[in-house]
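Asks: what shape does this take:
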Amino acid sequence: MVSLSNHDRNMKSTELRKQFLDFFTSKGHAVVPSDSLIPANDPSLLFTGAGMNQFKDYFLGIRREMKRAASCQKCFRTGDVEQVGQTASHLTFFEMLGNFSFGDYFKKEACLWAWEFMTVRLKIPKEKLWATVYEQDEEAAELWKKQVGLPPERIVRMGAKDNFWPSNAPTEGPNGPCGPCSELHYDYGCCTIGKKCPDLEKCRPGCPCGRFVEVWNLVFTQYDRQPDGSLKPLPAPNIDTGMGLERLAAVMQDKMSVFETDLFAPIAEAIERVLQKEVSEPMRMNQKTSIYAIADHVRALVFIIGDGVVPSNDGRGYVLRMLLRKALRAGLELGMRQPFLGRCLVSVVTNLMREPYPELTSREKSIGQMIYAEEERFFQMLEEKLPLLKGRIKELKQEKAQNALFSAQEAANFYDTHGLSLEEISEVCQELQVTPPSKEEFEKALTVLQAQSKKSSAFGAIFSKDALAELLAGNPPTEFIGYGQELTAQAKVLCLIREGRSQQEVKEPGPVEVILDRSPFYGEAGGQVGDAGVLLAPGGELKVADTQWVGAVLAHQAELVEGSIRVNDPVQAKVDASRRGLVARNHTATHLLHSALRRVLGPHVMQAGSLVAPDHLRLDFSHGQGLSRNQRDSVESLVNEWVEQNYPVRVDKMEIAEAKKSGAMALFGEKYGSQVRVVSIGDVSKELCGGTHLKETGDVGLLMIVEEGSIASGVRRIEALSAQTALDSLRAEVVRLQRDRERLMKQNKQLEEEKNSLKIKGAA
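Replies: The predicted structure is shown next:
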């Protein structure tokens, strides 16, 4: 086994990130910050799972500002969750280093630069690297052989399952962009996972003994798969590469496992310290598997919650809750019988990752509180809910002596009533030798159980944003011009979509998506609802009910009320100024409310979501317990004090690094580009925000909290009103109190009369 030089072996993960991004900056790439783990404007994904996700609009041709990009992207995947800790490299949360070309350079540059970075910049010995190529990709094979100089025996041809994206796409689909892959593998020179190779000398990448680890995957997106299965060459092929930072760190630090690198070792050591304190028995070697699983899971939990996900029984929140419970079950296997993640490990993760992700430090307390609350919920469930489940299963076994089955309906009921997941139900079923329902049966039963009628808009019922994005591919980005005072503008119609199809002209009344070259309409973002208004074309009038961003394009969800509209028509776009003003008032009030909560409750409070509408505002925030009457009154009074002081509201544009240095707060789950807007309200609030605001706080008029409560473990929600709606609510409350007073006075009078009547009867 060839070792690296001492200097290279000591290279830390922080330096590896920097080396990668600096290298591709020197090759003309724009360095793009990591996107949130919650994909922006992509309902097809629960989590960001690859570096290319945030560049989807560039690959589709919707955006064209960049030709080359590089990033270190936070990623989360659960496909291999059962293998985490069992192998040397499987993870749920990881960082993916990637370089991308959008119709610019192609295979030659991708291969040569990958080789240069690995062997020249990082000084990895050339003899330690192998390349795999798609078996029909002669171009890539020749590049590695002739341009790079790899010996033919270290270039391995593989099938479409392993070296094509998507896997097996040539024969199985899906239709659309696809292409062959080429991977760089590092050769450890020995078996690393306990499975001995029968002939190590003839071993090749793909061998299960662990001698080789895939480090870098280069995807050459060069085809458009047709419905007949043919591969049509793309006019502008793309490059999409991904290299796991954790795997690269293991290679550079001469470690056989990612869990032995500087990214995990401090977490594993902290877990061992907790175990030695809480568990009296000496630790066994096979406990390493559970320790590694916990280390991975707690790292993932910190980042997922840090990006705004809260525990729940569906969607992202369900994935979060199940991952947390897997970590706790691993702890149970080690002898832990009380919460330990939130209080003992969160600070270790945030401290370890504070240089590349400084925002985690300010969120450490709220993340820890949320995890601790879920831990308590889990241990309470073990104590209270599992006995109920076991009792019901035992009843079933008595009723059906043979072939006992816990039905999908029963499982769905336990999930809905007691919060027990299918995983937890299945474990107990297997323990008591009862057949659990399949995942498909359970999900079907749950859908039936939780079915409820949801009124969706005519636009939402037509097609999803994802489908709309495909229809809009090729349209240039919409120029948003709606931050100024003038909310009326001239524009040109670029595209009309009705019933999921592009139209040259729309003549019949009804819903239609209108795409303009420029627009003063604000698209829903950052909790602020989209604008409404009208579009006036030469031959028709449309009412805009909502405006949504679809990638970099603004979709005006309109209703043709009279006449017709055609592509290329000039239109007058008029935002409902009164409605916009009400929304701006509530948005500024939301910033004040957020600052007041942090002043009264503490700096751990962080916004976890919001809704800014014309008639009310809603703010979700991290906090472990309900507000007392005094706290609620203090928050409300502080906001109204700032309103009365009539602070100026200032908006500045700056680089994101400069904004964060100035003290501007970034919010949970929000996506920010390199250029950001900083909204400052006197000296009481400074946040990154793309929304619309008032000029002075005095225009908020009045803020009144109408409701406060819990929506998830460690997350509270406040509903509030401002200005006239708050005043109207107060007046309605006064009227109600007057009516209650009159009713009580009338009841008292009746009681007094009855009392006097009884006295008279008694005297008689």
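Asks: now do the helices in the stretch 451-600 of the chain.
Replies: Along the stretch 451-600 of the chain, counting by DSSP state H, counting those that start in this stretch, helices occupy 458-462, 465-472, 577-601.
Asks: please apply the same query to the stretch 151-300 of the chain.
Replies: For the stretch 151-300 of the chain, applying DSSP H, counting those that start in this stretch gives helices covering 160-163, 169-172, 245-252, 265-278, 288-306.
Asks: among those helices, which is nearest Pro509?
Replies: For Pro509, the closest of those is helix 169-172, at 42.9 Å, according to CB to CB. Yep, even glycine has a C-beta here, placed from its N, CA and C like the rest.
Asks: what residues sit buried inside that closest one?
Replies: Neighbour-count burial for helix 169-172 flags Ala169, Pro170 (criterion: 16 or more other CB atoms under 10 Å).
Asks: for the stretch 551-700 of the chain, which residues score under the pLDDT cut-off?
Replies: 668-674 (pLDDT under 70).
Asks: alpha carbons of stretch 539-552, as PDB, please.
Replies: Extracted C-alpha coordinates of stretch 539-552, given in PDB (Å, rounded to 0.1, in the frame of the first residue of the first chain):
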ATOM      1  CA  GLY A 539     -57.600  42.600 -27.200                       C
ATOM      2  CA  GLY A 540     -58.400  41.400 -23.700                       C
ATOM      3  CA  GLU A 541     -58.300  41.700 -19.900                       C
ATOM      4  CA  LEU A 542     -57.000  39.200 -17.400                       C
ATOM      5  CA  LYS A 543     -57.300  39.100 -13.600                       C
ATOM      6  CA  VAL A 544     -54.100  37.800 -11.800                       C
ATOM      7  CA  ALA A 545     -55.000  35.900  -8.700                       C
ATOM      8  CA  ASP A 546     -51.500  34.800  -7.700                       C
ATOM      9  CA  THR A 547     -47.900  34.900  -8.900                       C
ATOM     10  CA  GLN A 548     -45.400  32.100  -8.500                       C
ATOM     11  CA  TRP A 549     -41.700  31.600  -9.300                       C
ATOM     12  CA  VAL A 550     -41.000  28.600 -11.400                       C
ATOM     13  CA  GLY A 551     -37.200  28.500 -11.400                       C
ATOM     14  CA  ALA A 552     -36.200  31.900 -12.800                       C
END
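Asks: mean neighbour count and distance to Asp137 for the helices of the stretch 451-600 of the chain - can I get that in TSV?
Replies: As requested, those are exported to TSV (neighbours: other CB atoms under 10 Å; distance: least, CB to CB, whole Å):
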stretch	mean neighbour count	distance to Asp137
helix 458-462	15	40
helix 465-472	18	27
helix 577-601	22	52
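Asks: can you redo the ones you listed as a markdown table with distance to Glu427?
Replies: Shown next, in a markdown table, are the helices of the stretch 451-600 of the chain (distance: least, CB to CB, whole Å):
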| stretch | distance to Glu427 |
| --- | --- |
| helix 458-462 | 38 |
| helix 465-472 | 35 |
| helix 577-601 | 38 |
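Asks: among these, which is nearest Phe480?
Replies: Judged by CB to CB, the one of the helices of the stretch 451-600 of the chain that comes nearest to Phe480 is helix 577-601, at 13.4 Å.
Asks: what helices and strands are in contact with the following helix or strand past the closest one?
Replies: Remark: after helix 577-601, the chain's next helix or strand is strand 607-612, criterion DSSP states H and E. The contact analysis (3 or more CB pairs under 8 Å, 6 or more residues apart in numbering; DSSP states H and E) places strand 607-612 against helix 577-601, strand 617-622.
Asks: Gly368 is nearest to which of the helices of the stretch 151-300 of the chain?
Replies: That would be helix 288-306 among the helices of the stretch 151-300 of the chain, by CB to CB, at 8.9 Å.
Asks: buried stuff in the closest one?
Replies: 289-306.
Asks: if we can go back for a sec, which one of the helices of the stretch 451-600 of the chain lies nearest to Ser26?
Replies: helix 465-472 (33.0 Å).
Asks: and the average pLDDT for the closest one is what?
Replies: On average, the pLDDT along helix 465-472 is 67.
Asks: then stretch 512-520?
Replies: 95.
Asks: run the chain-centre distance for that stretch.
Replies: 28 Å (CA atoms, centre = their mean, to the nearest Å).
Asks: can you check stretch 311-323 too?
Replies: Centroid displacement of stretch 311-323 relative to its chain, using CA atoms, centre = their mean, is 12 Å.
Asks: can I get it in PDB, CA atoms only?
Replies: C-alpha atoms of stretch 311-323 as PDB (Å, rounded to 0.1, in the frame of the first residue of the first chain):
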ATOM      1  CA  PRO A 311     -40.400  16.700  13.300                       C
ATOM      2  CA  SER A 312     -43.900  15.600  12.100                       C
ATOM      3  CA  ASN A 313     -45.800  12.600  10.800                       C
ATOM      4  CA  ASP A 314     -45.400  13.300   7.100                       C
ATOM      5  CA  GLY A 315     -43.000  14.400   4.500                       C
ATOM      6  CA  ARG A 316     -39.600  15.700   5.500                       C
ATOM      7  CA  GLY A 317     -40.600  15.900   9.200                       C
ATOM      8  CA  TYR A 318     -41.400  12.200   9.100                       C
ATOM      9  CA  VAL A 319     -38.000  11.300   7.700                       C
ATOM     10  CA  LEU A 320     -36.400  13.500  10.300                       C
ATOM     11  CA  ARG A 321     -38.300  11.800  13.100                       C
ATOM     12  CA  MET A 322     -37.600   8.300  11.900                       C
ATOM     13  CA  LEU A 323     -33.800   9.100  11.500                       C
END
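Asks: between the helices of the stretch 151-300 of the chain, which one is nearest to Gly540?
Replies: Relative to Gly540, the nearest member of the helices of the stretch 151-300 of the chain by CB to CB is helix 169-172, separated by 43.9 Å.
Asks: contacts for that closest one, please.
Replies: Under the criterion CB atoms under 8 Å, 6 or more residues apart in numbering, residues Ala160, Phe164, Cys178, Arg225, Gly229, Leu231 lie in contact with helix 169-172.
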